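[1] I need the structure of the sequence given here:
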Amino acid sequence: QLQLVESGGGLVQPGGSLRLSCAASGFTLDYYYIGWFRQAPGKEREGVSCISSRGGSTIYADSVKGRFTISRDNAKNTVYLQMNSLKPEDTAVYFCAADRRYWCLRPAYDYWGQGTQVTVSS
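    Model prediction:
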């Protein structure tokens with residue numbers, strides 16, 4: 001069974017950092033594009049970042065550019081999202097998604113994790 005599991009969310013103060021992980025089971029991520037998305041209450045799901053299958057290409061939404069970094073370790077079958085200088089407006093449930101097709105920040109991926117809550121508050 002193909003499964004993605006996010007972890008690393010939590011409560012952090014403004015200006016703080018978190019690193020999210022997205023671990024795959026039941027398949028290898030080597031040939032998959034990965035996207036990170038987030039959804040705040042009452043808002044649509046928003047693309048945050050995406051990474052190519054080999055990690056050579058990354059894209060970021062303007063709202064997180066310069067603060068977030070996406071990376072992948074195919075040997076560990078895991079993708080990461082390092083989030084620095086967090087702001088209250090970053091508060092949302094964060095999801096990772098995988099697909100062999102290139103969707104990048106469009107939420108059209110075949111496989112999704114269950115999400116992890118990130119709350120930025122003092």
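[2] tell me which helix or strand the residue positioned nearest the centre of the chain sits in.
    By Cα atoms, centre = their mean, the chain has its centre lying nearest to residue 36, at 2.7 Å. Assessed by DSSP states H and E, residue 36 sits inside strand 33-39.
[3] now residue 9. Nearest residue, chain neighbours left out?
    residue 116 (3.4 Å; Cβ to Cβ, 6 or more residues apart in numbering). In this view, the C-beta of every residue, glycine as well, is placed from N, C-alpha and C.
[4] OK, contacts around that neighbour?
    For residue 116, the contacting residues are 6-9, 20, 93-94, by Cβ atoms under 8 Å, 6 or more residues apart in numbering.
[5] what's the local residue count around residue 94?
    Neighbourhood size, residue 94 [other Cβ atoms under 10 Å]: 23.
[6] equivalent analysis for the one 10 residues further on, please.
    Around residue 104 sit 18 other residues, with neighbours defined as other Cβ under 10 Å.
[7] for it, give me the pLDDT.
    Residue 104 carries a pLDDT value of 95.
[8] check for me that it belongs to a helix.
    No: going by DSSP: H, G, I helix; E, B strand; the rest coil, the assignment for residue 104 is coil, not a helix.
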